[in-house]
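S.K.: Predicted model and sequence below, questions to follow.
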Amino acid sequence: MARTRRSSDPEFLMSRLEKKHSKLDSRVSELTERPYLTPAEQMEARRLKKKKLELKDQLRQMRSD
């Protein structure tokens, strides 16, 4: 039961989203610091940037509610 309450708690959800965003940000930074990216890495960087934006939008929405 505690797990259900935690997973529906807005602060808990925001914390999880912030952690995910931070991990994505670290990986994107790691990729963009490289002088050359393989095509697969370029695709990964694009995918991660999109996911970061989605998480940022979710966080912004939660904060405004």
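M.R.: Ah, there it is.
S.K.: contacting residues around stretch 53-65?
M.R.: Stretch 53-65 is contacted from outside by 10, 13-14, 17-18, 20-21, 24, using CB atoms under 8 Å, 6 or more residues apart in numbering. (C-beta placed from N, C-alpha, C; glycine too.)
S.K.: mind showing which ranges of the chain have poor pLDDT?
M.R.: In the predicted model of the chain, residues 1-7 satisfy pLDDT under 70.
S.K.: Which helix runs longest in it?
M.R.: helix 39-64 (DSSP state H).
S.K.: Could you measure from the residue lying closest to A45 once chain neighbours are set aside over to Q42?
M.R.: Leaving aside its chain neighbours, A45 sits nearest to L31 (4.6 Å; criterion: CB to CB, 6 or more residues apart in numbering). Going from L31 to Q42 by CB to CB, to the nearest Å gives 8 Å.
S.K.: now the contacts of stretch 53-65 as a markdown table including distance to Y36?
M.R.: Putting the contacts of stretch 53-65 into a markdown table (distance: CB to CB, whole Å) gives the following:
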| residue | distance to Y36 |
| --- | --- |
| P10 | 42 |
| L13 | 38 |
| M14 | 36 |
| L17 | 32 |
| E18 | 31 |
| K20 | 27 |
| H21 | 26 |
| L24 | 21 |
